[in-house]
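**Q** got a predicted structure plus its sequence, pasted below:
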Amino acid sequence: MYVISSKPSATVRYSGLAVFFHWAVFLLIATAYAAIELKGFTAKGSAARALSMSVHEWAGALVIVLAVPRLLWRLLGGAPAPVPGPHWMHLLGGAMHLVLYLFIFMQPVLGLLALNAGGHLMTLPGLGIELPSLVAQNADLKDTLKEIHETLGTAFYTVIGLHAVAALFHHYMLGDDTLRRMWR
Ligand code: HEM
Ligand code: HEM
């Protein structure tokens with residue numbers, strides 16, 4: 001009864017592109033988190049440390065590259081009406097989605113600004129081409145931005161976790177189409 005492969009009606013589901021954007025951004029964010037956690041196990045100055053930082057930066061930067069067309073698609077194409085349920089559940093779901101949208105824009109920008117304020121540039125892998133800096137080097141600004149970026153990054157483990165638990169609760173406990181219509 002709860003198998004993901006049974007498809008919801010075409011009129012109530014997310015479009016194929018919306019589904020692609022959702023799961024591609026999820027994979028990139030998971031990669032950014034995994035890379036920064038792995039960095040903690042690497043030796044200072046090692047190639048592994050540089051690689052994990054680079055993977056973190058690039059996976060994170062690609063999040064915003066996809067977030068822009070994703071939001072445009074969402075604003076122009078809309079989203080299906082929420083699956084039937086109590087008003088409070090719709091409000092909570094809507095608020096959660098808004099916060100997640102804010103996160104996928106703010107977090108990469110904060111990370112990039114922190115990097116630039118620390119005097120570092122992003123380099124295109126293999127090409128050695130450096131992206132221009134968005135802010136002048138400034139140690140105080142770097143510390144502030146890095147702290148916000150790290151605090152937000154840590155807090156969002158919980159927010160993303162709650163969002164995922166809510167999706168699984170809909171699927172396995174309520175038995176509705178919420179997860180199926182964001183699947184494929
Ligand atoms: C959605 C994307 C991103 C997520 C979820 C994310 C998350 C995080 C987390 C959880 C930390 C470590 C917090 C800690 O150690 O307590 C971190 C650190 C950091 N992130 Fe990101 N980040 C993202 C994107 C970026 C981008 C695009 C850049 C730069 C281009 C960046 C640059 C940094 C830097 C410089 C640090 C500090 C690393 C250190 O000194 O150890 N992040 N990020
Ligand atoms: C980095 C992690 C994630 C982010 C940033 C994220 C973000 C979002 C956003 C912004 C929406 C609203 C879509 C829209 O209306 O345009 C959404 C919907 C949804 N997400 Fe996620 N998501 C993440 C991970 C997950 C995971 C792990 C699951 C499942 C276990 C999941 C399941 C869903 C479902 C089922 C919906 C549709 C909800 C509905 O129709 O009311 N998401 N997500």
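**A** Cool, the structure landed. Ligands and ions are numbered 1, 2, ... in the order given.
**Q** what does this structure put close to ligand 1?
**A** The chain comes close to ligand 1 at residues 29, 32-33, 36, 56-57, 60-61, 63, 107-108, 111-112, 114-115, 122, 146, 149-150, 153-154, as judged by C-beta under 6 Å from any ligand atom. Placement of C-beta: from N, CA and C, glycine included.
**Q** and the residues you listed, which are buried?
**A** 29, 32-33, 36, 56-57, 60-61, 63, 107-108, 111-112, 114-115, 122, 146, 149, 153 (16 or more other C-beta atoms under 10 Å).
**Q** is residue 126 in a helix, a strand, or coil?
**A** At residue 126, secondary structure determined by DSSP: H, G, I helix; E, B strand; the rest coil is coil.
**Q** point out where the protein drops to low pLDDT.
**A** 1-11 (pLDDT under 70).
**Q** mind saving the C-alpha coords of stretch 32-43 as CSV?
**A** The C-alpha coordinates for stretch 32-43 follow below in CSV (Å, rounded to 0.1, in the frame of the first residue of the first chain):
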residue,chain,number,x,y,z
ALA,A,32,28.7,19.6,1.0
TYR,A,33,27.9,18.3,4.5
ALA,A,34,29.8,15.0,4.0
ALA,A,35,32.8,16.8,2.7
ILE,A,36,33.0,19.3,5.5
GLU,A,37,32.6,16.6,8.1
LEU,A,38,35.3,14.5,6.4
LYS,A,39,37.6,17.5,6.5
GLY,A,40,37.6,17.2,10.3
PHE,A,41,39.4,13.8,10.0
THR,A,42,42.2,15.1,7.6
ALA,A,43,45.6,16.4,8.6
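**Q** check the offset of that stretch from the chain's centre.
**A** Put simply, stretch 32-43 sits 17 Å off its chain's centre (C-alpha atoms, centre = their mean, to the nearest Å).
**Q** now the helices for this protein?
**A** 16-39, 47-77, 87-117, 139-168 (DSSP state H).
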